[in-house]
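# need coordinates for the below:
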Amino acid sequence: MKSILVSKRTLRSSVAGAILAVLSIPAGAIDLKNADGSWTFSFNGEINVDYIYSSCETPSQAASIAGGLTCVGSASGTNVSNVGNGLLPAAFSFGVATTQDGIDLAAHLGLYPGIATNDGGSPNLQGTENNGSTNTALGTTGLDIRQVYMTFGNKDMGTFTLGRNIGLFGADVILNDMTLPGVGAPGSAASPAPSNTTLGGIGFGYIYTDWLAQMDYTTPDMSGFAVTVGIFDPLNSLSDTGAVETKKAPGAHAKLTYTLAIAEGTKLYLSAAFLTQQQDYLAPTTPTPTSYSYNGTGADFFAKFDLQDLELIGYYYHAKGLGSTALFDGGAFDGGPTPGQTRTSSGYLGQVTYKFGPVKLGVNYGRSILDYANAFDQAANPDLLANNQKFTVGVYYSLTKALMLLAEGSRVESHSQDPTLPHTNGASTFNIGAYLGF
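The predicted model follows:
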């Protein structure tokens, strides 16, 4: 089985606003009120563009790695150039909010266009038309509608969030990844068919949190603690080859956070998240198809410590049945006598940044690890991924409060499980660009 590679309260706490807040750019560029002042309309967003240069693995020396995220060159050369979005697509976020009978009400819509020419249907999963490339003349970019949700509640009763929004598992690490306004690992930007976004650190220390149709409840603040619990619409696997059966129950996720303000400019933030969901499939075995199911589960732990201009981040996850890049991509082995045996995955990311006035310097390192499900998996997939790892150095210069200029250099490596085969691919990426938040 080959893994498929994929290239992610109130209005002020929407994900677009959270992204801008993480980048120290004020959210809410425009706030308008209706005639009686009872409703507030808000609009904010960002645009980012990078030149991305990748030096990929030489084809003659490249290993075949199922689930590897390191680019491989072609007969025409190993260098790939691209002009496109980075880890983020552009974002245009709209919201309305009001208070009625003591309850805060809000609704949010987030539109995420890219700049890559991708007529493959999905802005994130490109097809193979036009000789394997969608980046052709007369094409257009894709629009990714990631968010549409409502919230209601207050500081005493807590907050309910219903709709399509970012997931809980893996959210904190990607929202605090220093490559968020930049590129990190190039992903499809080092391929003939670039999609709307690069990988950043996805698959290199954390699994993509994704955008889920969900119903959540978040408690009021309890001396710095808060808990979110909810259900989400089950996702189908990207890699299981059996026929998908209807899901028997929703997925469930939860998150615990703790914030401690130690002193002016010094703060500690901790979180732990959990996700579980059952997959149900009908394997095409003979003479009778076999029905099988498995549970995908994951838990993660995130810590961030701010000391004036110094920021330290640590993250770890452990999962079964989820894979190592996207949720339910390569997380199980659907062959052998008992299909649906789960693979264990884990990963970690460490990051240090420091600000010198308008300049922020940062380094991070991440590693994602995948294990065989069983001996049958090992026999069938000797080239299965063992780990993907990435090291990134970045410089981020705030030319104005809203405009950031940046440059990053990343080294990525992928290793397969079988050391008797060519089992390591390595590549380097450099990008330079600009990020405008409003």
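
# for residue 323, see how far away the nearest residue to residue 422 once chain neighbours are set aside is.
Distances taken as Cβ to Cβ, 6 or more residues apart in numbering put residue 63 closest to residue 422, at 4.0 Å, once the chain neighbours are dropped. (Glycine included, C-beta is placed from N, CA and C.) According to Cβ to Cβ, to the nearest Å, residue 63 and residue 323 sit 19 Å apart.

# what's the answer for residue 172, then?
In terms of Cβ to Cβ, residue 172 sits 20 Å off from residue 323.

# ok, now residue 299?
For residue 299 relative to residue 323 (Cβ to Cβ), the value is 15 Å.

# which of the two has more residues huddled nearby?
residue 323 (29 against 16; other Cβ atoms under 10 Å).

# so who does that one touch?
Listed by Cβ atoms under 8 Å, 6 or more residues apart in numbering, the contact set of residue 323 reads 3, 67, 207, 238-239, 329-331, 343, 345, 370.

# run through the bridge partners of it.
Beta-bridge partners recorded for residue 323 (DSSP bridges): residue 329.

# on the three-state scheme, the nearest residue to residue 49 once chain neighbours are set aside is what?
Distances taken as Cβ to Cβ, 6+ apart place residue 433 nearest to residue 49, at 5.4 Å, with adjacent residues excluded. Of the three states, residue 433 takes strand under DSSP: H, G, I helix; E, B strand; the rest coil.

# again with residue 378
Applying three-state DSSP: residue 378 is helix.

# going forward, the N-terminal residue is numbered 42.
With 42 as the first residue, the last one maps to residue 419.

# which one is it nearest to, not counting chain neighbours?
Closest to residue 419 by Cβ to Cβ, 6+ apart is residue 413, at 4.6 Å.

# in this structure the residue nearest to residue 90 contacts residue 88, no?
No: in this structure, residue 474 is not within contact of residue 88 by Cβ atoms under 8 Å, at 10.5 Å.

# more crowded one of those two?
Each of residue 474 and residue 88 has its neighbours counted (other Cβ under 10 Å); residue 474 has more, 21 against 17.

# ok so residue 213 is a strand residue?
No: Residue 213 sits outside any strand when classified using three-state DSSP, being helix.

# ramachandran coordinates for the closest residue to it other than its chain neighbours?
The shortest distance from residue 213 to any non-neighbouring residue, by Cβ to Cβ, 6+ apart, is to residue 343 (4.2 Å). Dihedral pair for residue 343: phi -130, psi 140, per degrees, to the nearest 10.

# check residue 343 and give its pLDDT.
We have a pLDDT of 98 for residue 343.

# then residue 57?
60.

# residue 230 touches residue 125, doesn't it?
Yes: look at residue 230 against residue 125 with Cβ under 8 Å: they come within range, at 5.8 Å.

# what do those two both touch?
Joint contacts of residue 230 and residue 125 (Cβ under 8 Å, 6+ apart) are 93, 239.

# so which of the contacts of residue 364 wins on neighbours?
residue 372 (31 neighbours).

# show me the shaky parts of the stretch 292-441 of the chain.
Low-confidence segments of the stretch 292-441 of the chain (pLDDT under 70): 327.

# show me where it has its strands.
292-304, 307-324, 331-348, 351-361, 373-374, 382-383, 385-397, 400-411, 426-439 (DSSP state E, counting those that start in this stretch).

# tell me which of the ones you listed lies nearest to residue 79.
Nearest to residue 79, of all those, is strand 292-304, at 31.3 Å by Cβ to Cβ.

# part of a helix, is residue 186?
No: under three-state DSSP, residue 186 sits outside any helix and is assigned strand.

# could you pull up the residues touching it?
150-153.

# quick one, which of these are buried?
Applying 16 or more other Cβ atoms under 10 Å to those, the neighbour count classes 150-153 as buried.

# residue 478 and residue 441 touch, don't they?
No: assessed by Cβ under 8 Å, residue 478 is found out of contact with residue 441, at 10.4 Å.

# which stretches of the stretch 42-191 of the chain have low pLDDT?
In the stretch 42-191 of the chain, residues with pLDDT under 70: 42-69, 160-175.

# residue 386 and residue 408 touch, don't they?
No: if you go by Cβ under 8 Å, residue 386 and residue 408 don't touch, sitting 11.2 Å apart.

# look up the residues that both of these two are in contact with.
What both residue 386 and residue 408 touch, as defined by Cβ under 8 Å, 6+ apart, is an empty set.

# ranges for the strands of the stretch 92-241 of the chain?
Using DSSP E, counting those that start in this stretch, strands in the stretch 92-241 of the chain cover 120-125, 132-141, 144-154, 184-195, 199-207.
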